[in-house]
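In: I would like the atomic coordinates for the input below:
(4 chains)
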Protein chains: 2
Amino acid sequence: MDVVRGFNRTVTQRVGALDDKFLARDRPLAQSRLLWEIGPAGAEVAALRNRLDLDAGYLSRLLRTLEGAGLVTVTPAEGDGRVRMARLTEAGRAEWALLDRRSDELAWSMLAPLTTGQRDRLTTAMNEVQRLLMASMVTVEACPPADPRARACLRAYAGELAQRFEAGFTLATDDDHQFVPPAGVFLVATLASEAVGCGSVRFDADGTAEIKRLWVSGSVRGLGVGRRLLTELERHAAAAGAHCVRLDSNRALTEAIRLYRSAGYEEIPRYNTNPYPDHWFAKQLHREPGVSP
Amino acid sequence: MDVVRGFNRTVTQRVGALDDKFLARDRPLAQSRLLWEIGPAGAEVAALRNRLDLDAGYLSRLLRTLEGAGLVTVTPAEGDGRVRMARLTEAGRAEWALLDRRSDELAWSMLAPLTTGQRDRLTTAMNEVQRLLMASMVTVEACPPADPRARACLRAYAGELAQRFEAGFTLATDDDHQFVPPAGVFLVATLASEAVGCGSVRFDADGTAEIKRLWVSGSVRGLGVGRRLLTELERHAAAAGAHCVRLDSNRALTEAIRLYRSAGYEEIPRYNTNPYPDHWFAKQLHREPGVSP
DNA sequence: CAGAATAGTTGACTAAAGTCAGTCATCATG
DNA sequence: CATGATGACTGACTTTAGTCAACTATTCTG
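Out: Numbers count the residues shown, from 1 in each chain, chains lettered A, B, ... in the order given. Modelled structure (predicted):
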């Protein structure tokens, strides 16, 4: 705990202050940040507002300023005329490249005074901190399967299975109701208001439950998100009165199968007639009194 | 390099922003930071200005505001009537305690979602990052021996030797001129405008140089500051035309002696009549053409 | 003991950051 | 095709942050 506090104090204040100084050398910080965030690829105004957590009016004004300076153009997005797209002009890209260079300089200024060994240790530790902080920023919560975040996850899930299964994959689209309470539950994992994982469970009348559509985005794989989803799903199943959870999988999904085994699942014979799976698992739940959904 | 940039981005934006939000929930950030920095022990106004890097006038005004809110009292320091001391009132201490609690909550919010193993890895990595960033923020530069920073180091140096030598220690005070160019050089290591180490070298007419008063503050020991000072001193000696550096030490200074050996120094017979040392070392310098002071 | 230096304060500013309500165009829905 | 929702923009503000120069009270120094 004290380590974390010391880290927060030293690192965020010192590095943060430096970072700001590097970014905001000749224009207000908010403008530099915005320019930086738009990036060479451009960005939708709503996305910028979201990422920078700015007031809509304030952001609009900042965009007008950058537009006035000839660094940015804002045009209606194709498809939806309400949405607007911010893009860097030629001059804006030059400015962005300057910021990019400064960011490199800042990084180098942190490494330069160190010996080679220290540099290696620092970058290794930074990597670890960053990954684990990402992991700790992931939240898991229930959400209706019709929610846009859920849809985005399921699209990604289906796309991935279609790639990994030799026979391709088509997601059933008519069983959403199974994962709406009280019949079941659908969970999404969110990182910085972006959905990065999902999972669902259906409670059956015979005291069993079935977990389906567990998926974790590649961007956060290895951070324990899958395990958190699985644990939460089991908790919901137990709270709904299930004494046993089942699930199916395919040998192409090696990480998932490893996860199931290490979470206490044991292989059982085929229990359904789905065309895709070739492995089936089950786990007994120890019902803890007082668990709430 | 990319690791460092990713780290800067994630950590300063995410954690830094959170940190600010936690601190400044019901008063302006600058006021909260100041209140926090004063702390239960109180602090001199100059120290606050230094630590927070604020304009003197601005800081003064902030103090008046906190004073007006009944959170702080500012009184002349004992000893020097120009210096003023800021202290928390009863209400101020309560506010400080609140901030302290929030800081704990923030730290906990970062650890809570993780497994025990992940927590251990995160705190270990944070500790490493913090130490190495401190190391990389240390700057080494030449400075006159009469400079307040140099005096502070020498006081600390003498105090420490007095403690560690059985026979005590008294610092010679009349040889400052030896360490002023062109006769020699005095270096200080600085961390966040606080002197944390020093070292000096005297160039002799026979092509030898003598390193003296190498000291590193306990707060940064183990970060390679001693080695950096030593290397810099050797560089200055070489630039001044020396082909050999000598120094003396005492068996009580085990870390220093280990440093000298690992830096290529070899033990030689007594070369002076100083009462304190019982070990003497020398190292040949390889003069690199084009080295500049 | 007369300056010079140091530590802090005050007044008069400016710029940047952020907020809020009201408006307008576009899109989805019955 | 009216109605409401959505996404962005504008005007009119307030607050916060920060700067600069002039000024006062101590202390140091020759």
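
In: next up, the contacts around A:Arg149.
Out: A:Cys143, A:Val188, A:Thr190, A:Ala195 (C-beta atoms under 8 Å, 6 or more residues apart in numbering or on different chains). Using the backbone N, CA and C atoms, a C-beta is placed for each residue, glycine as well.

In: I'd like the mean pLDDT over the helix or strand where the second one lies, please.
Out: By that I understand A:Val188. Following DSSP states H and E, one finds A:Val188 within strand A:184-191. Mean pLDDT, strand A:184-191: 90.

In: listing partners with orientation, what would you give for that strand?
Out: For strand A:184-191, the paired strands and their directions (DSSP bridges) read strand A:139-142 (antiparallel), strand A:194-203 (antiparallel).

In: ranking the contacts of A:Arg149 by neighbours, who comes first?
Out: A:Val188 (24 neighbours; other C-beta atoms under 10 Å in any protein chain shown).

In: was I right to think that one contacts A:Val138?
Out: No. Between A:Val188 and A:Val138 there is no contact under C-beta atoms under 8 Å: 10.3 Å.

In: now the common contact residues for these two.
Out: A:Gly197.

In: could I have the helix or strand encompassing A:Arg149 exported to PDB, CA atoms only?
Out: Using DSSP H and E, A:Arg149 maps to helix A:148-164. Taking Å, rounded to 0.1, in the frame of the first residue of the first chain, the C-alpha atoms of helix A:148-164 are listed here in PDB:
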ATOM      1  CA  PRO A 148     -23.900  -1.900 -27.900                       C
ATOM      2  CA  ARG A 149     -20.900  -3.100 -25.800                       C
ATOM      3  CA  ALA A 150     -22.200  -6.600 -25.700                       C
ATOM      4  CA  ARG A 151     -22.900  -6.500 -29.400                       C
ATOM      5  CA  ALA A 152     -19.300  -5.300 -30.100                       C
ATOM      6  CA  CYS A 153     -17.900  -8.200 -28.000                       C
ATOM      7  CA  LEU A 154     -20.100 -10.800 -29.700                       C
ATOM      8  CA  ARG A 155     -19.100  -9.500 -33.100                       C
ATOM      9  CA  ALA A 156     -15.400  -9.800 -32.200                       C
ATOM     10  CA  TYR A 157     -16.000 -13.200 -30.600                       C
ATOM     11  CA  ALA A 158     -17.800 -14.600 -33.700                       C
ATOM     12  CA  GLY A 159     -15.100 -13.100 -36.000                       C
ATOM     13  CA  GLU A 160     -12.400 -14.700 -34.000                       C
ATOM     14  CA  LEU A 161     -14.000 -18.200 -33.900                       C
ATOM     15  CA  ALA A 162     -14.700 -17.900 -37.600                       C
ATOM     16  CA  GLN A 163     -11.000 -17.500 -38.200                       C
ATOM     17  CA  ARG A 164      -9.800 -20.100 -35.800                       C
END
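
In: would you map the strands across chain A?
Out: Using DSSP state E, the strands of chain A run over residues A:43-44, A:72-76, A:84-88, A:139-142, A:184-191, A:194-203, A:208-216, A:244-249, A:266-268, A:279-284.

In: the longest one: how far from the chain's middle?
Out: The chain centre lies 12 Å from the centre of strand A:194-203; the measure is C-alpha atoms, centre = their mean, to the nearest Å.

In: try the shortest one
Out: Relative to its chain's centre, strand A:43-44 lies at 19 Å (C-alpha atoms, centre = their mean).

In: right, quick check: it against DNA strand C, any contact?
Out: No. Judged by C-beta under 7 Å from any atom of the strand, strand A:43-44 stays clear of DNA strand C, getting no closer than 13.5 Å.

In: quick one: end-to-end distance for stretch A:46-62.
Out: Start-to-end span of stretch A:46-62 (C-alpha to C-alpha, to the nearest Å) is 14 Å.

In: for chain A, which residues are neighbours of DNA strand D?
Out: Going by C-beta under 7 Å from any atom of the strand, the residues of chain A near DNA strand D are A:44-46, A:49, A:56-57, A:59-61, A:63-64, A:74, A:82-84.

In: would you mind giving me the PyMOL syntax to select the buried ones in these?
Out: Typed into PyMOL, the line below selects the buried ones among the residues of chain A next to DNA strand D, using 16 or more other C-beta atoms under 10 Å in any protein chain shown:
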select buried, chain A and resi 45+49+59+63+74
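
In: just give me the closest of the residues of chain A next to DNA strand D to DNA strand C.
Out: A:Gly57 (2.7 Å; C-beta to the nearest atom of the strand).

In: picking up where we left off before, looking at the strands paired with strand A:184-191, spot the one closest to B:Leu233.
Out: strand A:194-203 (52.2 Å; C-beta to C-beta).

In: so the closest one versus helix A:148-164, what angle?
Out: 90 degrees (axes from the mean of the first three to the mean of the last three C-alpha atoms, to 10 degrees).

In: closest to chain B out of the residues of chain A next to DNA strand D?
Out: Each of the residues of chain A next to DNA strand D was checked against chain B using C-beta to the nearest C-beta; the closest is A:Arg49, at 15.0 Å.

In: leaving out the residues flanking it, which one is nearest to that closest one?
Out: A:Leu59 (5.2 Å; C-beta to C-beta, 6 or more residues apart in numbering or on different chains).

In: many thanks, I have nothing further to ask.
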